[in-house]
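[1] I need the structure of the sequence given here:
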Amino acid sequence: MQMSVQTVGSTSEDELQRLYAALESMDIEDEFERDARDLVLFYLFTGARVSEALYPTFDWSCDGRSAIHFPRTKSSKSRTIPKTDTVKAVLEGRRHIPGGPFHFHRDQVYRRVKMVFDRVRIKDASPHTLRKTAGAWYYMATRDIFATSRFLGHSSVTVTEQHYAGLIQSLRVEYSRQFEEVLSGRLQLGCNFEIKPDQSRLLPSQKENPLSPTRKGGVPRGGLEPPRDCSHRILSPARLPISPPRRVSGAKFSPEIDGSGRNLGRPLGASFKINSHGRFDVRVAELEAGRLKPRRPYPGLG
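    Residues are numbered from 1 along each chain as shown. Predicted coordinates for the structure are as follows:
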């Protein structure tokens, strides 16, 4: 997915590829070009502000074994980020410099970084463009706005959302499409609902005539589409748990099942209904030579 430079103020995927090719072609024997390459890589992979990486703010004590520590940021808070292999290689190549890796003023950093951008024909770019690029691609890699905010050292996640509002909105649209594809592919839809292909994307010869009598399940010319048979979706009573027959006062009970799968335990030949107390009123018919038992409350079973 390509990003718009105008949207988030960073470099796109195509520009990053050109930038990488330019960095690979740098003459490391030339001190100016070697410094330019190291600065671009360090700012791009750490998302640091210009002043955060310069000596004496950033010295060798900030270089840990597996992390980089920036003791003073714009929000007057320190931040620590993991040290990637690229950053480790840059710092190891400058280990011979006493005090810290980057002894430059802001204008010196600007001239070196601007030379690299001019070589790859990226206009209106500055060292801060590398920070914006780092934040944008970090968010695309993690999809976590809170982690991106911590990585950049913003004072709050609201600041991060304001800086990358365009990117976040474009990714939300992508998330919605992915969500629909995944859910549509796995959700068991109701029997009276189906997703039809987008007819606008089909050729005229591929479009389906809904009134065609030859179409499978089509609409007859003289009436509406008949309702579909949903009986196959109803769980068979044979698959439901059935309690064994029970005996109450000598009457045999049949294992009958209601809609919720409970055994009503209804006596053979009996009729029943639910009273106001939520219990079954059982009226036993013809249990003893056609004589009716008196009506009595009977608690529900199961």
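[2] would residue 77 count as being in a helix?
    No. Per DSSP: H, G, I helix; E, B strand; the rest coil, residue 77 lies outside any helix segment and is coil.
[3] so what's the residue nearest to it when sequence neighbours are not counted up against?
    Among residues not flanking residue 77 along the chain, residue 153 sits closest, at 6.8 Å (CB to CB, 6 or more residues apart in numbering). Placement of C-beta: from N, CA and C, glycine included. Residue 153 makes contacts with 47, 70, 73-75, 77, 79, as judged by CB atoms under 8 Å, 6 or more residues apart in numbering.
[4] which strands and helices sit next to the longest helix along the chain?
    Identified as the longest helix of the chain according to DSSP state H is helix 165-186. If you count contacts as 3 or more CB pairs under 8 Å, 6 or more residues apart in numbering; DSSP states H and E, helix 165-186 packs onto helix 5-8, helix 127-142.
[5] mind running it again at 10 Å?
    When contacts are defined as 3 or more CB pairs under 10 Å, 6 or more residues apart in numbering; DSSP states H and E, helix 165-186 sits against helix 5-8, helix 127-142, helix 157-163.
[6] most packed of those?
    Of the helices and strands packed on helix 165-186, the one with the most neighbours on average (mean count of other CB atoms under 10 Å) is helix 127-142, at a mean of 20.
[7] just want the angle from it to helix 165-186.
    10 degrees (axes from the mean of the first three to the mean of the last three CA atoms, to 10 degrees).
[8] by contact count, what packs against helix 127-142?
    helix 5-8, helix 13-24, helix 31-46, helix 106-119, helix 145-152, helix 157-163, helix 165-186.
[9] one more time with 6 Å, if that's ok
    helix 31-46, helix 145-152 (3 or more CB pairs under 6 Å, 6 or more residues apart in numbering; DSSP states H and E).
[10] tell me the pLDDT of residue 162.
    According to the prediction, residue 162 has pLDDT 90.
[11] same question for the one 10 residues further on.
    According to the predicted model, the pLDDT of residue 172 comes to 83.
[12] what do you get for residue 73?
    At residue 73, pLDDT is 82.
[13] now it, nearest residue through space, not along the chain?
    Nearest to residue 73 is residue 153, by CB to CB, 6+ apart, at 4.6 Å.
[14] residue 137: which of the contacts of residue 153 is nearest?
    residue 47 (9.4 Å; CB to CB).
[15] so how far is residue 132 from that closest one?
    9 Å (CB to CB, to the nearest Å).
[16] ditto for residue 186
    For residue 186 relative to residue 132 (CB to CB), the value is 38 Å.
[17] domains of this structure?
    Using automatic domain parsing, the domain ranges for the chain come out as 5-171, 245-298.
[18] pLDDT below threshold where in the protein?
    Applying pLDDT under 70 to the chain flags residues 1-9, 187-302.
[19] still on that earlier bit, most neighbours per residue, which of the helices and strands packed on helix 127-142?
    helix 31-46 (a mean of 20).
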